[in-house]
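Novice: build me a model from this:
(one chain, ligands or ions: 1)
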Amino acid sequence: MEKQSRLLCSELCVQRRLYEVTLNCAILAWKDIQIAKKHTGRAIYGAVKAGSSCVPVCEIIAVQEKDDDTPCKNTGKWQKVPQSPADPCQHAFTVFYVERTRQHCWWCSNVTFHCSDHSLCLLWVQTIREQLALLTNRPKSLLVYINPYGGKQRGKQIYDHKVAPIFSRASISTDVIVTERANHARDHLKTEADLKKYDGVVCVGGDGMFSEIMHGLVSRTQQEAGVDENSMEETLMPCGLRIGIIPAGSTDCICYATVGSNDPVTSALHIIVGDSQAMDICSVHNEDRFLRYSVSLLGYGFYGDVLTDSERKRWMGPARYDISGVKTFLSHRYYEGTVSFLPAEGNLGSPRDKMQCRTGCSVCRQSSSDKLVSKNEDSVSDAECQDTWTVIRGKFLAINAASMSCACPRSPKGLSPSAHLADGTTDLILVRKCSRLDFLRHLLRHTNKDDQFDHSFVEVYRVKQFRFSPRYQECDSEVDLRESGVTGKRFLSQICREHRACGCMPSQSNWNCDGEILPHTAIQVR
Ligand SMILES: Nc1ncnc2c1ncn2[C@@H]1O[C@H](COP(=O)(O)OP(=O)(O)OP(=O)(O)O)[C@@H](O)[C@H]1O
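Specialist: Numbering: from 1, shown residues only. Here you go, the predicted structure:
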């Protein structure tokens with residue numbers, strides 16, 4: 001505080017008490033002059049001294065000159081402003097700022113300063129606004145997509161009541177599109193949206209809606225850069241626009257893993273102050289064809305089956321995941337196949353190092369600077385990497401690739417608690433065939449503090465690329481059958497594939513790609 005030169009310092013009233021209020025380019029602070037030595041109330045941000053409060057300028061949402069007897073728009077409550085010309089508190093301005101409440105939750109709080117001199121009041125408003133204008137990472141114009149059918153179908157209500165008023169308070173202009181069908185947002189972003197007009201895109205919905213918007217934006221960026229998405233060799237261009245997520249879905253795992261909560265107001269405030277977090281994107285291919293991008297979970301077996309079943313029960317709302325989860329657990333299906341992967345090397349931590357990735361994470365920072373250095377050496381390193389693929393064949397209850405922790409309110413640590421948001425890797429978790437009881441023990445560990453990888457039937461690897469081939473594609477192909485002369489077997493395998501309950505051979509699952517079902521089981525991921 002002392003190190004920054006003061007921009008303003010005045011004696012102003014807060015709730016009829018006299019405060020010394022100071023502003024420098026980093027902090028707005030106010031100190032109760034009369035009882036500075038006595039602790040008179042709760043310090044609002046970073047308790048400096050009793051009777052003192054301060055807020056970083058970068059967490060000020062807005063400042064507004066206050067008219068007499070106007071309702072405080074933030075709280076909806078009316079506040080009495082003194083009327084008498086002799087009153088030293090005749091003029092007032094209100095500062096709206098971020099207040100931290102529960103863990104990772106933010107709230108828009110406010111403080112009103114009163115003074116007798118109108119020009120002084122205007123000077124404060126103008127100076128604070130000038131400081132806010134210097135914060136260039138804040139968005140001014142946003143394109144908002146609302147999925148009215150996500151989660152409990154409250155997307156529009158959440159946006160209108162909780163988010164739009166704070167955006168308007170922060171003078172952010174918005175174009176709002178309420179989607180009319182699935183993939184509406186993706187298609188609009190891919191082809192129509194005039195992206196030059198905006199500083200960011202806001203997704204009001206769940207993980208599926210985020211995925212739609214991410215696909216629209218990433219594909220548009222590749223199209224404009226002339227990058228062929230089908231090619232596994234080409235380097236994808238990072239998107240120029242940021243995506244803000246207002247959680248209004250069923251699980252909101254991506255919002256939870258990045259912000260630490262699934263509270264719409266917290267997310268809106270992060271968007272307003274211009275916070276950003278880079279995020280890894282996996283591209284998923286089948287042969288030479290691009291299928292989808294994934295940012296959170298790619299799951300085959302258990303999570304693929306839960307999704308497939310829950311899609312049929314969408315009318316049930318979020319409860320469908322519990323019902324499908326129990327059903328899938330009881331069916332206890334396992335799947336045979338081959339997983340090959342390219343382990344991540346270098347200083348990228350390990351899935352079991354108990355490190356939690358947060359904004360500014362050193363591993364992610366290190367990884368992105370390594371990428372810049374090695375960009376010109378890609379061909380060499382790719383060639384070197386050919387030798388280091390690891391191949392695992394087996395029977396699996398689940399094959400999961402977590403590109404972030406996948407934490408959500410149900411599983412606060414997530415599928416892979418130490419997965420990094422932007423280190424260029426994914427955590428590949430293989431759950432081999434085991435008893436129902438063992439699998440239950442493993443699943444329960446996602447909800448408590450125990451290490452979910454500490455089981456003999458669970459393996460976890462931090463990888464840069466991986467491939468999966470289901471067993472029948474390798475062995476039961478038409479050619480194999482013809483060559484071996486087992487004609488009856490072909491007929492039986494056909495029946496078994498179509499009737500998954502039949503226990504005489506492992507059938508195939510589906511890949512759950514961030515909550516969407518992939519059309520192929522044999523995939524290559526990078
Ligand atoms: N207007 C619409 N009508 C029908 N479906 C829509 C519409 N807009 C978007 N969708 C689709 O709805 C799907 C689910 O949406 P969303 O992710 O918002 O909610 P959710 O599935 O309940 O939450 P979560 O993904 O967090 O579990 C998305 O895949 C999206 O493509």
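
Novice: same question for stretch 151-160, mean pLDDT?
Specialist: The average of the pLDDT scores along stretch 151-160 is 93.

Novice: state the distance from residue 243 to residue 446.
Specialist: Relative to residue 446, residue 243 is positioned 26 Å away (criterion: CB to CB, to the nearest Å). C-beta here means a position set from N, CA and C on the backbone, and glycine is covered the same way.

Novice: my bad, residue 269
Specialist: Distance, residue 269 to residue 446, using CB to CB: 29 Å.

Novice: equivalent analysis for residue 275, please.
Specialist: Applying CB to CB to residue 275 and residue 446 gives a distance of 27 Å.

Novice: got it, and residue 209?
Specialist: Distance, residue 209 to residue 446, using CB to CB: 24 Å.

Novice: ditto for residue 315
Specialist: Distance, residue 315 to residue 446, by CB to CB: 27 Å.

Novice: more neighbours: the two, which one.
Specialist: A count of neighbours by other CB atoms under 10 Å puts residue 446 above the other of residue 315 and residue 446, at 19 against 6.

Novice: number of nearby residues for the residue lying closest to the more buried one once chain neighbours are set aside?
Specialist: Spatial nearest neighbour of residue 446, excluding adjacent residues (CB to CB, 6 or more residues apart in numbering): residue 411 at 4.3 Å. Neighbour count of residue 411, defined by other CB under 10 Å: 20.

Novice: again, but for residue 273
Specialist: Applying other CB under 10 Å, we find 20 other residues in the vicinity of residue 273.

Novice: all strands for the stretch 1-150 of the chain, in order.
Specialist: For the stretch 1-150 of the chain, the strands defined by DSSP state E, counting those that start in this stretch occupy 6-14, 17-24, 27-32, 52-56, 60-66, 91-100, 106-115, 141-146.

Novice: buried residues in the shortest one?
Specialist: This means strand 52-56. 52, 53, 54, 55 (16 or more other CB atoms under 10 Å).

Novice: ok and that strand relative to strand 17-24, angle-wise?
Specialist: For strand 52-56 against strand 17-24, the angle by axes from the mean of the first three to the mean of the last three CA atoms, to 10 degrees is 30 degrees.

Novice: what angle do strand 60-66 and strand 52-56 make with each other?
Specialist: Orientation check (the same axes, to 10 degrees): strand 52-56 against strand 60-66 gives 120 degrees.

Novice: and strand 52-56, how far from the chain's centre?
Specialist: 29 Å (CA atoms, centre = their mean, to the nearest Å).

Novice: cool, and stretch 11-22?
Specialist: On CA atoms, centre = their mean, the centre of stretch 11-22 falls 40 Å from that of its chain.

Novice: which residues does it contact?
Specialist: Residues from elsewhere that reach stretch 11-22 (CB atoms under 8 Å, 6 or more residues apart in numbering): 1, 6, 8-10, 28-34, 88-89, 111-115, 124.

Novice: put the buried members of those into a ChimeraX selection.
Specialist: ChimeraX command restricting the contacts of stretch 11-22 to the buried ones, with burial defined by 16+ other CB under 10 Å:
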select :10,28,29,30,31,32,88,89,111,112,113,114,115,124
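
Novice: got a pLDDT number for residue 172?
Specialist: Looking at residue 172, its pLDDT is 98.

Novice: got phi/psi on it?
Specialist: Backbone torsions of residue 172, given as degrees, to the nearest 10, read phi -90, psi 130.

Novice: same question, residue 217
Specialist: Dihedral angles of residue 217 (phi, psi; degrees, to the nearest 10) stand at phi -70, psi -40.

Novice: neighbours around it, how many?
Specialist: A count of nearby residues for residue 217, using other CB under 10 Å, gives 22.

Novice: let me see the mean pLDDT of stretch 186-194.
Specialist: Average pLDDT, stretch 186-194: 96.

Novice: now check that stretch, is it near the ligand?
Specialist: No. Figure legend: stretch 186-194 not in contact with the ligand (CB under 6 Å from any ligand atom); closest approach 7.4 Å.
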